[in-house]
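Participant: build me a structure from this.
(chains A and B)
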Amino acid sequence: MTAETLSLAALGCFALGAVAAIAGFWVEGLRRNAFQFVPAFAGLVLKTASIGVSCMLSETHFFNSASDICGLLAWALSFSFLAALTVCAVRSLGALALPLVSILLGLSHFFDRQGVDPGFPAGRLLAVHILSAFLGYGLFLTACGASVLYLEQARQLKRKFFGVLFRDLPSLERLERLELVCAWLGFGIFIVALATGAVMAHRINRPFWFEPKATAAAMTWLIFGVLVVGRTARWLRGRAAAKFVLAGAAAVLLTFAFRHPKSTQPGTGAQAAPARPAACEPVRKAGEGVHA
Amino acid sequence: MSDTPRLEEALRLVGLSHFTAPVALRERLAFRAADVPRALGAVLGRGFLEAAILSTCNRVEVIAVGRPTNPEPGGQMRAFLSEFHGVGESEFSPSLYELKGCAAAQHLFEVTSSLDSQVLGETEILAQAKEAYRMAAEAGACGRVLHRLFERSFFLSKELRTDGGIGKVQASVSSAAVALANKLFDVKGRKVLVIGTGEMAAGIVRSLRAAGVGEMFVASRTEARAAEFAKQEGGKPCSIHQLPEYLTLADIVLVSAAAPSYILGPDQVRTAVSQRRGRVLCLIDISVPRNVNPAAGEVEDAFLYDIDDLEEVAKEGRREREKVAERWRPRLAEEARECLHMLGDYGVEQAAQKLIEHFNAVRQEVLRQARVAGEDPKVAEATARALERLQGRLLHGPLETLKQAAREGDGAEAMAWVSRLFRLESLADGKGGKEEGKL
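Facilitator: Next up is the predicted model:
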C-alpha cells in the first residue's frame, strides 16, 4: 500500500469524523465522543503510517513542500485534538478540528510536492525539530479552536441565545481550561523546536533570527508565552485570553507564509530536494540516513 | 389459563388524569394511601386476579387483570370507582379512559417513564409508581402479570433517563437556573449569594444545593428573615450593606428581593468584577419587578439572567424532552406487545407444569395403592422407575403439542383442550390464579 493510498484512507476517516461531529449538534444519536474518536484515531494511525512509508521510501525528505506542510499539520492537529478529546471531553471541538484536518489533508494531495533543501544536516536533530514544531502548531491550533468555542459560547450566554450551540457547547470554564492546557503544552514543545532550529542554523552558520520563518515562529512562541504567563498570573483571562490565542493562531499561519531559504553553501545537500515519488518507489540506498 | 389473546382482554386500565379531568374531579376519585389495601381488596372481589392503584395529584388509575369468567371487566372497574368514592358513574365517565391489553401496558410504561406527565421527564412519578406497586404487592394483589409489567416499566423508565437522555435537559425554572450557571462554570463548590427570601428563591437554592454548590450567604432588607431563610436552607445570613464585599466573593448571585427599585446596578457589578481577577459572575434575577439593572449584564465577565430567560431555557428543555418522548413512544408500544406476548408464553409453560404435576400426583397415588406389605424394595424401586418412564413417554406428545401451539399462536385453544382432557379445571377458570401466578 502506497503512502498516497494510506493518506487518502486517512482523509476518508477524518471526513467521516467531521460529518459525525457536525451532525452531532442536531442528531441526538451522534452526540457521543466515540463517533468522533474512532474515525479520528483511525485517520491518525493511517496518516502516521503514510508519513512513515513516505519517509522510508523517499531519498530526501525535508517536509517543507506545501503538500508536506499541509499533511503534517493535519497529522499534528488530529493528534492534539484526540489528546484534547481524551483529556477534556470537549466534543464540540471536533466540529472545528476535524473539518480543518480534512481540508488540510485534502489540500496536501493537490499542492506542490517539491521540497526545498534548507541546508540543514539531515538526522535526528532535524527530525526532532520538525516533529516538535508541528506538534506545537497542532496544539496552538487546538487552543485556537477552544478559544473560538469560548468566544461563541460567551456570545450565546451574553446575548441569551439558548439554541443548539448553547446546549452543546461546554462551560466557559472548561473551554478556558482546555485552551490553557493546549497553550502550555504547545509553548513547552515549541521551545524544543526553536532550540533545535537555532542549533541547526548555528551549525551551518546561518543568521537564524534574520530568517522570516524563524522570526514568525519566535513571535508565535512569544505570544503563547505571554498568554501562559498572563493566564497563570491571572491578569489575562476570559475573552481577552481567548482573543490573545487567536492572535497567536494568526502568527502560526504567518509562519507558514514563509519558507526556509534554499541552501547556498556547498556540500549541505541538493539545492532543490527531489519531489516525493508519486508511487513512493524504494529509492533510498542501503545505509543512508532517514531525513526526519 | 393465560396467553396473549386472553391477556389482551383480561388486562384492563381505567383512570383519569390532568389531561382528561379537572382537579375538582380528580380529588374526588383520589385514593389515600391508607385506603389503598381496602380498595385493592374491593377490586379483587369484583372478579379480578391482580390489581394495582396509582393515585397521585395528577392522576388516578386502576390497572387490573380480570378473571376469564369476568364478563365485563371495564364495567366492574367503573362500578368499583363509583361505589368506593360514592361518586356517580355519570359524573366521571366522560373523563375516564379505558384501555385494555397492549394499550393498557403501553400506558403504564408511558406513565412510569413520565411521558404522560405534566412535566415530561419528571422523576416523581417513578417513585409514585414504585409505591403503588409496593402497596399492591404487600396487599397480595400483584401476580405474575403485574409483577412483570411494573418491573419492566421501571427498567424502561431508567433506560429512557440514561440512554434517551430525557433527564439531561432542564424543564423547570429551578433546573434552568442551575443549567445556566453550569454553562459558565462547574457549580460544584461555588459560593452563592442570595438576596431576598422569596419562595421561588428557595426552590432555586434547593436545586443549586442538589447540584453541589458550596457556601451560601443570604442577605435581606429584614435581617431576621435572612437569618430564618439561611437557617432553613443551610446558609449564612449577612447584612445587605455588605453586598459589595459578597459580590466579590460569590460566583452566583440570586436576587429575589421584591424591592420597588434596582438593588444592583452596572457600577456595583463592574467594581465587583474588576476585583474578581477575571472570574465570571453569574447574576440570576427572578424578581418582578427586576431588582438588577439590565445594564449590569453588559459588564464584561458578568452574565445576567432574569425570569424570562430562565423560562426560555426551561421551554427549550421541554421541547427537547417532547422530541425524546416522540422517539420513545413507538419503542414503548413495541415493548408492551412483547411483554404481553412473553406473558402468554409463560402461561403455556405454567400449564405444562400443571400437567406434569397432575401426572406426578396420579403416579404417586397409583404406586401407593399398589404397594404390597413385605415387597422387595428393589422390585418397588424398579416399578417406580418404570412408571416414571411411562409417564415421560405419555406426556412427551401433549407437551410438545402445547409448545408448538404456543409458538403458532394457538396456545389458548390447546390449553383449553388439555384442561378438558385431563380435567385441569383450575387452568381453565383461573381458580387460584393469583397464588400460582396465572390467569
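
Participant: tell me, how many residues neighbour the residue nearest to B:G143 when sequence neighbours are not counted?
Facilitator: In space, and not counting its chain neighbours, B:G143 is closest to B:E50: 4.1 Å by CB to CB, 6 or more residues apart in numbering or on different chains. Placement of C-beta: from N, CA and C, glycine included. For B:E50, the count of nearby residues is 28 (other CB atoms under 10 Å in any protein chain shown).

Participant: ok, B:E50 touching B:V145?
Facilitator: Yes. Counting by CB atoms under 8 Å, B:E50 does reach B:V145; the two are 5.7 Å apart.

Participant: show me what contacts B:S82?
Facilitator: Counting by CB atoms under 8 Å, 6 or more residues apart in numbering or on different chains, B:S82 makes contact with B:88-89, B:92.

Participant: before we move on, what about B:V23?
Facilitator: Listed by CB under 8 Å, 6+ apart, the contact partners of B:V23 are B:C57.

Participant: quick one: it and chain A, what's the gap?
Facilitator: Between B:V23 and chain A the distance is 32 Å, computed by CB to the nearest CB, to the nearest Å.

Participant: could you look up the SS state of the residue nearest to B:G143?
Facilitator: strand (DSSP: H, G, I helix; E, B strand; the rest coil).

Participant: partner residues bridging it?
Facilitator: Note on B:E50: beta-bridge partners B:V65, judged by DSSP bridges.

Participant: among the contacts of B:S82, name the buried ones.
Facilitator: By neighbour count, with 16 or more other CB atoms under 10 Å in any protein chain shown, these hold B:F92 as buried.

Participant: out of the contacts of B:S82, who's nearest chain A?
Facilitator: Nearest to chain A out of these is B:F92 (CB to the nearest CB; 39.4 Å).

Participant: where do the contact lists of B:E50 and B:V145 overlap?
Facilitator: Residues touching both B:E50 and B:V145 by CB under 8 Å, 6+ apart: B:V65.

Participant: what's the neighbour count on B:V348?
Facilitator: Close neighbours of B:V348, defined as other CB under 10 Å, add up to 23.

Participant: do you know how far it is from B:R144?
Facilitator: 13 Å (CB to CB, to the nearest Å).

Participant: next one: A:L175
Facilitator: From A:L175 across to B:R144, the span is 54 Å (CB to CB).

Participant: which one's more surrounded, these two?
Facilitator: The neighbour comparison of A:L175 against B:R144 (other CB under 10 Å) goes to A:L175, with 26 against 21.

Participant: what's the mean pLDDT across the host helix or strand of that one?
Facilitator: A:L175 belongs to helix A:172-203 when assigned by DSSP states H and E. For helix A:172-203, mean pLDDT is 91.

Participant: ok, that helix near chain B or not?
Facilitator: Yes. Interface with chain B: helix A:172-203 contributes A:172-174 (CB under 8 Å from any CB of the partner chain).

Participant: most neighbours, which of these?
Facilitator: Neighbour tally across the residues of helix A:172-203 next to chain B (other CB under 10 Å): the maximum, 23 neighbours, falls on A:L172.

Participant: run through the residues that contact that one.
Facilitator: By CB under 8 Å, 6+ apart, the residues touching A:L172 are A:150, A:153-154, A:157, A:238, B:183-185, B:280.

Participant: 10 Å instead?
Facilitator: Taking CB atoms under 10 Å, 6 or more residues apart in numbering or on different chains as the contact definition, A:L172 lies against A:149-151, A:153-154, A:157, A:238-239, A:242, B:183-185, B:280, B:301, B:303.

Participant: next helix or strand past the biggest helix by length in chain B?
Facilitator: Ranked by residue count and defined by DSSP state H, the top helix of chain B is helix B:307-370. Scanning forward in sequence from helix B:307-370 by DSSP H and E, the next helix or strand is helix B:377-407.

Participant: B:A201 contacts B:I195, correct?
Facilitator: Yes. Contact criterion CB atoms under 10 Å: B:A201 and B:I195 qualify, at 8.6 Å.

Participant: buried residues in stretch A:224-240?
Facilitator: Buried-residue list, stretch A:224-240, by 16+ other CB under 10 Å: A:224-225, A:227-228, A:230-231, A:236-239.

Participant: B:R152 touches B:Y133, doesn't it?
Facilitator: No. Counting by CB under 10 Å, B:Y133 is not a contact partner of B:R152; they are 11.4 Å apart.

Participant: for the closest residue to chain B within the stretch 101-250 of chain A, what are phi and psi?
Facilitator: The minimum distance from the stretch 101-250 of chain A to chain B, using CB to the nearest CB, falls at A:R237 (3.0 Å). Note on A:R237: backbone dihedrals following degrees, to the nearest 10 are phi -140, psi 170.

Participant: look up how far A:R177 lies from it.
Facilitator: Distance of A:R237 to A:R177, computed by CB to CB: 11 Å.

Participant: buried stuff in the helix holding A:L175?
Facilitator: The neighbour-count check on helix A:172-203 (16+ other CB under 10 Å) flags A:172-187, A:189-190, A:192-194, A:196-197, A:200-201 as buried.

Participant: which helix or strand lies directly C-terminal to it?
Facilitator: Downstream of helix A:172-203, the next assigned helix or strand under DSSP H and E is helix A:212-232.

Participant: what packs against that following helix?
Facilitator: Contacts defined by 3 or more CB pairs under 10 Å, 6 or more residues apart in numbering or on different chains; DSSP states H and E place helix A:212-232 against helix A:124-159, helix A:172-203, helix A:238-257.

Participant: who's in contact with the residue nearest to B:G143?
Facilitator: Going by CB under 10 Å, 6+ apart, B:E50 touches B:10-11, B:40, B:43-44, B:63-67, B:136, B:140-147, B:149, B:433-434, B:437, B:439.

Participant: secondary structure element for B:C282, which one?
Facilitator: Using DSSP H and E, B:C282 falls within strand B:281-285.

Participant: which strands and helices sit next to that strand?
Facilitator: helix B:173-184, strand B:192-195, helix B:199-211, helix B:243-249, strand B:252-255, helix B:266-275, strand B:302-306, helix B:307-370.

Participant: now with 6 Å, please.
Facilitator: helix B:173-184, strand B:252-255, strand B:302-306 (3 or more CB pairs under 6 Å, 6 or more residues apart in numbering or on different chains; DSSP states H and E).

Participant: looking at the ones you listed, which has the lowest confidence?
Facilitator: Mean pLDDT per stretch puts helix B:173-184 lowest among the helices and strands packed on strand B:281-285, at a mean of 89.

Participant: which residue is the nearest non-sequential neighbour of the residue of the stretch 1-150 of chain A found nearest chain B?
Facilitator: Closest to chain B within the stretch 1-150 of chain A is A:E28: 6.8 Å, counting by CB to the nearest CB. Excluding the flanking residues, the one nearest A:E28 by CB to CB, 6+ apart is B:G165, at 6.8 Å.
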